[in-house]
Structures are given as C-alpha cells and as structure tokens.
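A.B. asks: got a structure for you, letters missing:
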C-alpha cells in the first residue's frame with residue numbers, strides 16, 4: 001500500500017469520527033433542551049447562575065479530556 005492510499009484512508013476515518021462526534025453532540029444538545037423544556041412546562045423556574053455555568057463548562061472540559069485520552 002502506498003503512502004497516498006494510507007493518507008486517504010486516514011482522512012476518511014478522521015471524517016467519520018468528526019461526523020460521529022457531531023451527531024452525538026447534536027443528540028446530547030437536543031436531549032438537554034428537551035429536559036429543560038419539560039421542566040419549564042411543569043412550571044419550574046430555570047435560573048442559570050454564573051456558578052452553574054462554570055460547573056457546566058468544567059464538566060465539558062473534563063469530558064473532552066477523557067475522550068482525548070481514550071486508547072492511551
């Protein structure tokens with residue numbers, strides 16, 4: 001197998017991982033929106049504080065680090 005074919009296969013597999021990540025991210029985001037909508041329909045007041053935003057951001061960063069360490 002020559003180098004050009006290996007590069008094409010690598011790009012193809014990278015593209016698949018990117019698409020898979022985008023689909024999973026969209027599903028997760030839609031699920032979060034659905035859960036928030038359910039809470040609003042029940043009459044619960046939704047207030048996002050700065051502390052909540054920091055917690056969510058930290059959780060996302062932690063998750064991305066764990067994904068990047070898969071297979072190591």
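C.D. replies: Yes, it's here. Owing to the predicted nature of the structure, the values given are computational and were not obtained by experimental measurement. Numbering: from 1, shown residues only.

A.B. asks: Toward the C-terminus from the helix or strand harbouring residue 25, list the very next helix or strand.
C.D. replies: Per DSSP states H and E, residue 25 falls inside helix 3-41. Moving toward the C-terminus from helix 3-41, the next helix or strand (DSSP H and E) is helix 50-68.

A.B. asks: helices and strands around that next one, which ones?
C.D. replies: Using 3 or more Cβ pairs under 8 Å, 6 or more residues apart in numbering; DSSP states H and E, no helix or strand is in contact with helix 50-68. Where you see a C-beta, it was placed from the backbone N, CA and C, and this is true even at glycine.

A.B. asks: State the mean pLDDT of that helix.
C.D. replies: When pLDDT is averaged along helix 50-68, the result is 93.

A.B. asks: And for stretch 17-32?
C.D. replies: If you average the pLDDT over stretch 17-32, you get 95.

A.B. asks: buried set for that stretch?
C.D. replies: For stretch 17-32, a neighbour-count test (16 or more other Cβ atoms under 10 Å) marks nothing as buried.

A.B. asks: Would you mind stating the distance between residue 18 and residue 52?
C.D. replies: Distance of residue 18 to residue 52, computed by Cβ to Cβ, to the nearest Å: 29 Å.

A.B. asks: tally of neighbours for residue 36?
C.D. replies: Applying other Cβ atoms under 10 Å, we find 13 residues neighbouring residue 36.

A.B. asks: who touches it in this structure?
C.D. replies: Residues in contact with residue 36, defined by Cβ atoms under 8 Å, 6 or more residues apart in numbering, are residue 46.

A.B. asks: ok, now which ones touch residue 39?
C.D. replies: residue 46.

A.B. asks: What's the separation between the residue nearest in space to the middle of the chain and residue 33?
C.D. replies: With distances taken as Cα atoms, centre = their mean, residue 25 lies nearest the centre of the chain, 3.8 Å away. According to Cβ to Cβ, residue 25 and residue 33 sit 12 Å apart.

A.B. asks: so what's in contact with those two at the same time?
C.D. replies: Joint contacts of residue 25 and residue 33 (Cβ under 8 Å, 6+ apart) do not exist.
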